[in-house]
Structure formats: C-alpha cells, structure tokens
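>>> I need the structure of the sequence given here:
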Amino acid sequence: MAVDVFRSLTPKKPRHSVSVAAVVVDDVERVLVIQRRDNARWEPPGGVLELHETVEQGLRREVREETGYEIEIDAQTGVYKHMAHGVVALVFRCRVVGGQPQPSTTETRSMRWLSPSEVPAYLDEAFAVRVRDAMVSGPPAIRAHDGHVMLAGA
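Numbering: from 1, shown residues only. Predicted structure coming up:
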C-alpha cells in the first residue's frame, strides 16, 4: 500500500520513444517511400524501435515489414525530434539487397520510388527534409519538428 501511495505522489517523468527510418535509395537516386495506412501520409519506411532489438535490427525489420525489401545500411544521416510527441527518430541511408516489393497489409497502403525532385510534393516538410539530408554527404543532421514542419533553429 505504501508503494502505491508513493507512486501516486511521484510526478511522471517525460518519456521519449525512439524510432528508426530508412531512406532507401536505388541505383538512379530514386527514394522509396510508403503511404501509411493509418493516416495516408507518405514517409520513408520505419517505425518504433522495440526494446529487445538493436538499431540495425529494428531498421531492417521495419523496412521488411512495410515493403518486403531486405536492406543494407550505408550511413546514419540524421536525428530528428518530434517535439510534441517526444519521438526521436534515427534516420539512415540504405539500399535494397534482396526481397520482393510487398507492402504490409496492415501498415502500408502503397509504396513508390520517387526522384528527389518529387519528394516535396508527396511528403510533409518534416519527412521530406530527412530525404534531403540523406541525399547529401556530411555529418548527420540534428533537427526538430512539430510533425509537419521544421521548427526554428532546426
């Protein structure tokens, strides 16, 4: 009983969630994007990292589940924080090394390959910037957004 009283008096600490996303690039520099089934938005494939898996395992699992492809990770290209939801996303440039295109029946409504110039027409700024950052060389970008647009100083 004393433990329950203590827990109820202790303020809850803010929690963060860690997600991973893959900017999968083909031989002609097109980028693989998925249209999510839950909100119809276009994004690079990815999702929440599970507690028991490494970053690499989670990234490969998410891409395989959402697209059917097996990937190789080339480099980390960014760290992005959704300020309102406390989600920290680790983004990596990747390439397909196997598998067959097979969108998930529960998570993916559609998927397609886009040229970099087509990306802004499909993706919200908060996700299009991840693709842009993955297409340039240099250290990983560190940015913040509100779920749709980048925040000042980001």
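>>> nearest residue to the spatially most central residue of the chain other than its sequence neighbours?
Nearest residue to the geometric centre of the chain (CA atoms, centre = their mean): Ala21, 2.8 Å. For Ala21, ignoring the flanking residues on the chain, the nearest one in space by CB to CB, 6 or more residues apart in numbering is Gly46 at 3.1 Å. Where you see a C-beta, it was placed from the backbone N, CA and C, and this is true even at glycine.
>>> so what's the one you found up against?
Neighbouring residues of Gly46 by CB atoms under 8 Å, 6 or more residues apart in numbering: 19-22, 59, 62-63, 66, 89, 91.
>>> measure it to Val91 for me?
Between Gly46 and Val91 the distance is 8 Å, computed by CB to CB, to the nearest Å.
>>> likewise His52?
Distance, His52 to Val91, using CB to CB: 21 Å.
>>> one step back: just the pLDDT at the residue nearest to Ala21, thanks.
Confidence at Gly46, expressed as pLDDT, is 98.
>>> swap in Val79?
At Val79, pLDDT is 98.
>>> contacting residues around it?
Applying CB under 8 Å, 6+ apart, we find Val79 in contact with 88-91, 140-143.
>>> out of these, who has the most neighbours?
Val91 (27 neighbours; other CB atoms under 10 Å).
>>> list residues touching both of Gly46 and Val91?
Taking CB under 8 Å, 6+ apart as the contact definition, Gly46 and Val91 share the neighbouring residues 20-22.
>>> just to revisit the earlier point, of all the contacts of Gly46, which comes closest to Arg112?
Of all the contacts of Gly46, Glu66 has the smallest distance to Arg112: 12.8 Å, by CB to CB.
>>> if I look at the closest one, how far off is Arg15?
Distance of Glu66 to Arg15, given as CB to CB: 25 Å.
>>> more neighbours: the two, which one.
Glu66 (25 against 6).
>>> that one: which element?
helix 55-67 (DSSP states H and E).
>>> residues contacting Glu107?
Glu107 makes contact with 34, 36-38, 47, 65-66, according to CB under 8 Å, 6+ apart.
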